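[1] have a look at this prediction, sequence included:
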Amino acid sequence: MVALHLSILRPYYQVNDDIFKIFFAKGIGTDLSPTEFLGYSSPLLGHALKVLFALCPGFAWYGALLLTVQLLGLWALLYAAWSTSHRAFKASLFLAAFLCFYVNLFASLQFTVTSSLAAQGAFLLGAALWREGRRDRGGWALVGGLCVLSFLIRADAFLLTLLAALPLLLAAGASRPLPWREVWKEHRSHLLTLGSILLFISLFGSLWYRSDPAWREFQAFDRERVEMQDYRIHTYDERTRPFFEKVGWTRNDYEMFKDWYFLDPSLYNLDTLRELKRNFPSAGLAEKPSSYKDFRDLLRDHWVWTALALALTFILLSPVATRGRLLFQVAWVLALLAALLYFLRLPDRVAWPLMALPLGAALITAETPAGPSRKGLDPWTSMIGAFFLLLVLVLGLRSLVPYHRSNTQLRGMETVLKADVVRLSPREDQLFVVWDSSFPFEGYGVLDDLEGFRGFRLFTLAVYQRTPNARKMLEKFHVRDLLKDLVDRPDLFLICTPQEGAMYQRHMMEKHGSKVYAERYFEGRFFRVYRIHSRPPWAGKKGA
């Protein structure tokens, strides 16, 4: 099924974070040499990918890893569903769920989603095996393997999914009320092995950062940057202006920070961020980037309500005795999403996989409404469930048509984007500064080897601009003050949007008292490259 899906819909990354991870492990694009640093993934996974890319740089190891882990997560769900009766019926339900919901998670990959899907596959299968009291070594090995992979890819996504799955796991534990001593005796070796591996991964990552002062400094700054940029509710107005003036920020400094420029340590440092953080709350809904605006906005999301509709439909197809705990699981996940939305932030890449958890739990317990009534199955509500399943399936399949059209447009974008990079002909002695998302890295397919970026030197004004690796790139080009050094340097180029260009010009006037002029160096379909001058580039030319 997944192979058929990949042959029809070419998978792409949801955001540019995953592309940057490949750059880190391969030592291309933003990096001069391969590194174990892998963003918010474990350096242990980064080390493995670095070795694999060194052995075979032309294979898309990272994209293949995410697809494989998500496939294993779905396989664990099917394993749990098929361990009980009504296998053919549950297979049809899974097909409906895949076509209506999971198709999006395989066509638009993101490492947080992958980690969450792996974890919930492990928890769903583990709960099913425990409930049935099966000594299935292969099944338990899959549970442990998925936990390890999820933790390697993103530890906090694993822990968040564990929190979301608590009702499921507690209900499974209550179904076999064994004394704790007996449980410990039966599963001691497995629990100790899994716990030791997860502890090792955590300690390895912590020691990796602490062993280098530069990485330790980046981690401390990034923690405060995330707190202020992502979780705090802030805006620049007459009421809040004194808070920013106290730390030396102008309105333009604030707007640049919101738009992913925080390279200048004299403006953006631990002290200024901590001082600002004291004046702005984290609880609330307004002004949080890449987050749903409110709970209604969350439920209006096509993929969220599709997962919710499928989960409720599968609950109607489940035995009466299981409906209460399944409905509580749905309510628990929705409450958790609401808490994230209000106290932190809630991007779709967090909401989508968490909504898949009650969907998977309900799929495992569903039973066919056809045939004679069985004990514990209400035929009337089951028939209603079958009707709603048909309705959701029709609505879900209708959404595949525009989704396929959008994917086709992405394929066309990828072709044009690659041709534009070839026309640009970047050299190793040139540095291209990319401001935030002004270059559409997500236009490259998941299974692309990205070898087109080898020799394409990039510095991104994005989340990783303060890393030691990024600093090395600036040092190679003898850059001390990036925005100032961009001026009149024939080897430095800026890729940005008009809005970012205007912020840059205001920055140069405010901080250096100089007016700068942009010359369009290259015009692509999806990005523009500029050279920056201290005088109008057309001055002195004939006919100017």
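    Nice, I can see it. Numbering: from 1, shown residues only.
[2] local confidence estimate at residue 282?
    Reported pLDDT at residue 282 in the predicted model: 83.
[3] who touches it in this structure?
    227, 231, 232, 233, 343, 344 (Cβ atoms under 8 Å, 6 or more residues apart in numbering). Yep, even glycine has a C-beta here, placed from its N, CA and C like the rest.
[4] for residue 477, same thing?
    Neighbouring residues of residue 477 by Cβ under 8 Å, 6+ apart: 431, 457, 491, 492.
[5] same question, residue 275
    Counted by Cβ under 8 Å, 6+ apart, residue 275 has contacts 246, 247.
[6] 10 Å instead, please
    243, 244, 246, 247, 269 (Cβ atoms under 10 Å, 6 or more residues apart in numbering).
[7] next one: residue 286
    With Cβ under 10 Å, 6+ apart, residue 286 has these contacts: 233, 234, 235, 293, 294.
[8] just checking, the fourth one touches residue 299?
    Just to be clear, that refers to residue 293. No: Residue 293 is beyond contact range of residue 299, at 11.5 Å (criterion: Cβ atoms under 10 Å).
[9] what's around the closest residue in space to residue 428 that isn't next to it in sequence, how many residues?
    Distances taken as Cβ to Cβ, 6 or more residues apart in numbering place residue 455 nearest to residue 428, at 4.9 Å, with adjacent residues excluded. Using other Cβ atoms under 10 Å, residue 455 has 13 other residues around it.
[10] that older thread, including distance to residue 27 and secondary structure, could the contacts of residue 282 go into TSV?
    Listed next are the contacts of residue 282 as TSV, based on distance: Cβ to Cβ, whole Å; DSSP: H, G, I helix; E, B strand; the rest coil:
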residue	distance to residue 27	secondary structure
227	31	helix
231	32	helix
232	35	coil
233	39	coil
343	39	helix
344	34	coil
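[11] of those residues, just the buried ones, PyMOL syntax please.
    Remark: buried members of the contacts of residue 282, expressed as a PyMOL selection using 16 or more other Cβ atoms under 10 Å:
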select buried, resi 227+231+232
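[12] now the contacts of residue 282 as TSV including pLDDT and distance to residue 496?
    Output for these, formatted as TSV (pLDDT from 0 to 100; distance: Cβ to Cβ, whole Å):
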residue	pLDDT	distance to residue 496
227	91	26
231	88	26
232	87	25
233	79	27
343	92	33
344	89	29
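[13] mind putting the contacts of residue 282 in a markdown table, distance to residue 316 included?
    Formatted as a markdown table, those follow (distance: Cβ to Cβ, whole Å):
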| residue | distance to residue 316 |
| --- | --- |
| 227 | 42 |
| 231 | 38 |
| 232 | 42 |
| 233 | 39 |
| 343 | 33 |
| 344 | 33 |
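[14] closest to residue 136 among the contacts of residue 282?
    residue 344 (37.4 Å; Cβ to Cβ).
[15] I'd say that closest one and residue 291 touch.
    Yes: judged on Cβ under 10 Å, residue 344 makes contact with residue 291 at a distance of 8.6 Å.
[16] what sits in contact with each of those two?
    With Cβ under 10 Å, 6+ apart, residue 344 and residue 291 have common neighbours 230, 231, 350.
[17] for the residues you listed, which one is nearest residue 102?
    Within the shared contacts of residue 344 and residue 291, the smallest distance to residue 102 is 16.5 Å, found for residue 350 (Cβ to Cβ).
[18] check what pLDDT residue 374 gets.
    47.
[19] the stretch 101-250 of the chain: helices as residue ranges?
    103-107, 111-132, 137-153, 155-164, 166-175, 180-210, 213-226, 241-246 (DSSP state H, counting those that start in this stretch).
[20] and residue 408, what does it touch?
    So residue 408 contacts 9, 10 (Cβ under 10 Å, 6+ apart).
[21] quick check, residue 531 in a strand?
    Yes: per DSSP: H, G, I helix; E, B strand; the rest coil, residue 531 lies within a strand segment.
[22] about what we covered before: just the buried members of the contacts of residue 477?
    Neighbour-count burial (16+ other Cβ under 10 Å) is assigned, among those, to 431, 457, 492.
[23] residue 342 contacts residue 283, correct?
    Yes: the pair residue 342 / residue 283 is scored as a contact, 6.1 Å apart, by Cβ under 10 Å.
[24] the two - which one has more neighbours?
    More neighbours surround residue 342 than the other of residue 342 and residue 283, with 16 against 10 (other Cβ under 10 Å).
[25] what strand or helix carries that one?
    For residue 342, the host element (DSSP states H and E) is helix 320-343.
[26] how about the strands of the stretch 401-544 of the chain, start to end?
    Using DSSP state E, counting those that start in this stretch, the strands assigned to the stretch 401-544 of the chain run over residues 431-435, 458-461, 492-495, 517-523, 528-533.
[27] the first one vs strand 528-533, what angle?
    An angle of 110 degrees separates the directions of strand 431-435 and strand 528-533 when computed by axes from the mean of the first three to the mean of the last three Cα atoms, to 10 degrees.
[28] with just CA atoms, put strand 431-435 into CSV.
    Presented in CSV, the C-alpha positions along strand 431-435 are these (Å, rounded to 0.1, in the frame of the first residue of the first chain):
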residue,chain,number,x,y,z
LEU,A,431,28.5,32.4,-0.2
PHE,A,432,24.7,32.7,-0.5
VAL,A,433,22.9,34.0,2.6
VAL,A,434,19.3,32.6,2.7
TRP,A,435,16.9,34.5,4.9
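[29] neighbouring strands - and their directions - for that strand?
    Partner strands and pairing direction for strand 431-435 (DSSP bridges) are strand 458-461 (parallel), strand 492-495 (parallel).
[30] export the ones you listed as JSON lines, with columns for mean pLDDT and distance to residue 31.
    Below are those laid out as JSON lines (pLDDT from 0 to 100; distance: least, Cβ to Cβ, whole Å):
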{"stretch": "strand 458-461", "mean pLDDT": "98", "distance to residue 31": "9"}
{"stretch": "strand 492-495", "mean pLDDT": "98", "distance to residue 31": "18"}
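[31] just name the most buried of those strands.
    strand 458-461 (a mean of 24; mean count of other Cβ atoms under 10 Å).
[32] now do that strand: distance to the chain's middle.
    Centroid separation for strand 458-461 versus its chain: 20 Å, with Cα atoms, centre = their mean, to the nearest Å.
[33] one more: stretch 89-109?
    19 Å.
[34] quick check: buried residues in stretch 305-321?
    Applying 16+ other Cβ under 10 Å to stretch 305-321 flags 306-319 as buried.
[35] which ones among the residues you listed lie within helices?
    If you go by DSSP state H, the buried residues of stretch 305-321 have 306, 307, 308, 309, 310, 311, 312, 313, 314, 315, 316 in helices.
[36] average model confidence for stretch 21-41?
    96.
[37] also stretch 509-525?
    On average, stretch 509-525 scores 96.
[38] in that stretch, what counts as buried?
    511, 516, 517, 518, 521, 522, 524.
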